Every structure is written in structure tokens, then in C-alpha cells.
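*Asks:* Provide a 3D model corresponding to the input given below.
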Amino acid sequence: MTDPRPDPDAAADSIGRIAELIGQDPAIGLDTDMKLVIDMLGQLGARPLEQLSPDAARSQPRAVDAIAALMAQGGGTLSDDQVADEALSIPGGDGSLAARLYRPAGLAERLNPMVLYFHGGGFVTGDLDSHDASARAFAWRAGAIVLSLDYRLAPEHGFPAAHDDAWAAWGWLSGQAHRLGGDPRRIAVAGEDAGANLAMHVALKARETRGLRPVQQVLIHPIADTDMGTPSYDEALRTRPIGLPAMRWRFKQLFPEGMPETVPALQLVGRDDLAGLPPSLIVLAGIDPLRSEGEALASALSAAGVAVTMLRYDGVTQGFFGMGGIVTKALFAQADVADGLSKTFAAALRR
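*Replies:* So this is what the prediction gives:
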């Protein structure tokens, strides 16, 4: 017998497709250099995530490829960041995980500041290579040793696999800091979209366990809620590379059986236990479905007594932070983040 009840996912997909058709031009408001990246992605054959399987999404051209193509055309500036990298394998939530350690030139032999960095990709795509430029920017500009983690992805590894890996990486880095030349008193956590959610998960869990805590969290356009009815979602119906349909697709991969009503690890803006977290630097892209929840998270953290700095960069989309070779606002954001980290690291030395 056919079930007469409507399929809520099918209805949502239909509404999303109609909204895309009637939505505004996705290029409106884009900075010229950001538009160059989006246009190049199209020229390289990148398709909307919601039209692809996870495997296809991971293998298609990415922003890093668009940046490389534009650079090859002489459209940007390649800087010599003098950052060495080293491949590592570290214990994860379920076996070993690939990681990459970045060391900028000029470090002291020991007691250097450190950053545990989690790449973006909405828990489904992204890896060490896709966000290599972001990790390098943290290392070079903040003068810190950076550990970037290749955590497990959905749908092969559902929630909370990535969160378990993030916490395991924090435990490993905390214990290995001295051996790596780092200072355990000066470790920050950072990430982009899903990675920012993982960074805050680490900060929350470190506070709960009363162990070593990060001195700062840098949350770049964080996934901080599961509500897709916010103003920025309405504005991002047709935004590329990530709009409302792409975010819906990501959550479907993370929760194939449907989104649970309550997921505290993702619904950060509604939590009532945010007090006691480290100083928070929140970086938002103006043209991004995640912008509104990033703003709400900043307000929630501030209301809980957490020191918060929120920086919004208009004219750019989700994923802009590592595009410094082409996108000017990425350079601004990198410099602002490095300034915030440097001040935090310096203050930690005085304590």
C-alpha cells in the first residue's frame, strides 16, 4: 500500500528548487576577485553539491583548483610563506588518522605557540589538501606550529565520528606539544564551517573534563545550528559554491535517517552552557547561509560572559579564508586572525 503521507524531505527539495528559480542573481554583491574564483570553478566543470554523490563531490574541481588556474593565468600573487610541512599519522577516534604539521621559518627550539586546525567541507568534503592554504596562513601569519587533521567524513562515518576524531587529536597534541617544540599553555583551536564546529566542540569538552584548555577558539563561518530558516539562508538560495540546497545536502549525508530534533554538538547557538569558554574570534562571510547563525553564536557567547570578537567580510562566500592568492578579503581576514592570535599568545605568556 502506498503511504499517503507527504515526504517532508521531498517537499523541502521541491521548495528549495522553486526558491532557486525565483531567487536573486547569486553574483549580486560578490567582490570582483571572489567572482573570479566562482566563475573559474564553473569553467573547470564544478557542479552544485546537491546534484552529486559524496564521492563525485570530493573528486570534482575545488576552490583550490580554481585558485591554481587563476594563478597560472597571472591573476594573483604567490607568496613565499616559508612554511615547512610534515605528514603525520595520529591516533583517532577509531584507528589512526592522517594529519599534517606546519612549521613556519624562524621558530624557537621549544615553547612555540600552536594551533589545532580543522578543515571545512560540511562534514562531507574537504581534506588536508583542500585547506592547505588556510593551515599555512595560520602558521605563517601567527608564527605558530599548526596541526591540521584529516578527520572522518560522512556518510561513510556518521555523526559523531568527526567530533570523536577532533577530541582525540586535542588529546594527542596536548600530550605531544613539548616533543613537537610547542607550548601546551598556548594552544588555540581553529576551523572553518564544520571544522569551526569541531573546534568549539574541543573547547567545550576540554572545559567539561577540566583538563588542558585551548587559549582561544577561531571560528571561521561556523556551523552553529541546524535551523535553515534564518535570514542568511533566505538570502543564499542560489549562492555558489555553498547555498541552502548544498547545506541541506550536507546535513542529509551526516544524518541519512533524518536530522534529529536535538543535536547539541551542532546547535551551539541554543546551548545554555557556554560560560567558561576561551576568548572567541568569529570570522563570517557576508554571502553565506551560515552568516546568521555565526552572528547568533557571537551574541550567545557574549551573553555567557565569553570575550568575543566578530569580524564580517562582505562580498565573499563561505570558504574564502584560504583564497589569499586571489581574494583580497581573505588576506584581510588572515591578518586580523593572526593579530588576534598573537595578542592571545602574548597574554598567555604573561600569566
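
*Asks:* State whether residue 170 is indeed within a helix.
*Replies:* Yes: counting by DSSP: H, G, I helix; E, B strand; the rest coil, residue 170 is located in a helix.

*Asks:* Nearest residue to the middle of the protein?
*Replies:* Taking Cα atoms, centre = their mean, the centroid of the chain lies closest to residue 192, which sits 1.1 Å from it.

*Asks:* Based on its surroundings, how many neighbours for the residue nearest to that one when sequence neighbours are not counted?
*Replies:* Nearest residue to residue 192, sequence neighbours excluded (Cβ to Cβ, 6 or more residues apart in numbering): residue 120, at 3.4 Å. Placement of C-beta: from N, CA and C, glycine included. Residue 120: 28 surrounding residues under other Cβ atoms under 10 Å.

*Asks:* before we move on, the earlier item: and the residue nearest to the centre of the chain, how far is that from residue 269?
*Replies:* 18 Å (Cβ to Cβ, to the nearest Å).

*Asks:* residues of stretch 43-52 that come out buried?
*Replies:* For stretch 43-52, burial by neighbour count (16 or more other Cβ atoms under 10 Å) applies to 46, 48-50, 52.

*Asks:* any idea of the mean pLDDT in that stretch?
*Replies:* Mean per-residue pLDDT for stretch 43-52: 97.

*Asks:* who's in contact with it?
*Replies:* With contact meaning Cβ atoms under 8 Å, 6 or more residues apart in numbering, stretch 43-52 is reached by 57, 60-62, 65-66, 69, 124-125, 240-242, 245-246, 248-250.

*Asks:* and if we set it to 7 Å?
*Replies:* If you take Cβ atoms under 7 Å, 6 or more residues apart in numbering as the criterion, stretch 43-52 is touched by 57, 60-61, 65-66, 69, 245-246, 248-249.

*Asks:* circling back: next one: phi and psi at the residue nearest to the centre of the chain?
*Replies:* Torsion angles at residue 192 (phi, psi; degrees, to the nearest 10) stand at phi -120, psi 130.

*Asks:* Pull the contacting residues for it.
*Replies:* Contacts for residue 192 (Cβ under 7 Å, 6+ apart) come out as 119-120, 131, 134, 220-221, 321.

*Asks:* What remains of the residues you listed if I keep only buried residues?
*Replies:* Neighbour-count burial (16+ other Cβ under 10 Å) is assigned, among the contacts of residue 192, to 119-120, 131, 134, 220-221, 321.

*Asks:* Export those as TSV, with columns for secondary structure.
*Replies:* Formatted as TSV, these follow (three-state DSSP):
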residue	secondary structure
119	coil
120	coil
131	coil
134	helix
220	strand
221	coil
321	helix
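
*Asks:* Tabulate these in JSON lines, adding columns for distance to residue 86.
*Replies:* What follows is those, written out as JSON lines (distance: Cβ to Cβ, whole Å):
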{"residue": "119", "distance to residue 86": "17"}
{"residue": "120", "distance to residue 86": "22"}
{"residue": "131", "distance to residue 86": "17"}
{"residue": "134", "distance to residue 86": "17"}
{"residue": "220", "distance to residue 86": "24"}
{"residue": "221", "distance to residue 86": "28"}
{"residue": "321", "distance to residue 86": "23"}
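
*Asks:* Scan the helices and strands of this protein for the one with the lowest mean pLDDT.
*Replies:* helix 8-22 (a mean of 44; mean pLDDT, DSSP states H and E).

*Asks:* can you tell me how far the nearest residue to residue 264 once chain neighbours are set aside sits from residue 149?
*Replies:* Distances taken as Cβ to Cβ, 6+ apart place residue 271 nearest to residue 264, at 6.1 Å, with adjacent residues excluded. From residue 271 across to residue 149, the span is 24 Å (Cβ to Cβ).

*Asks:* Out of the buried residues of stretch 43-52, which comes closest to residue 205?
*Replies:* Lowest distance from residue 205 to those (Cβ to Cβ) belongs to residue 49, with 29.2 Å.

*Asks:* Show me where the protein has its helices.
*Replies:* 8-22, 32-43, 54-59, 63-72, 132-142, 161-176, 194-209, 231-235, 244-254, 291-303, 328-350 (DSSP state H).

*Asks:* Let's have those helices in a markdown table, adding distance to residue 309.
*Replies:* As requested, the helices of the chain are exported to a markdown table (distance: least, Cβ to Cβ, whole Å):
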| stretch | distance to residue 309 |
| --- | --- |
| helix 8-22 | 33 |
| helix 32-43 | 23 |
| helix 54-59 | 33 |
| helix 63-72 | 25 |
| helix 132-142 | 15 |
| helix 161-176 | 22 |
| helix 194-209 | 14 |
| helix 231-235 | 20 |
| helix 244-254 | 25 |
| helix 291-303 | 8 |
| helix 328-350 | 6 |
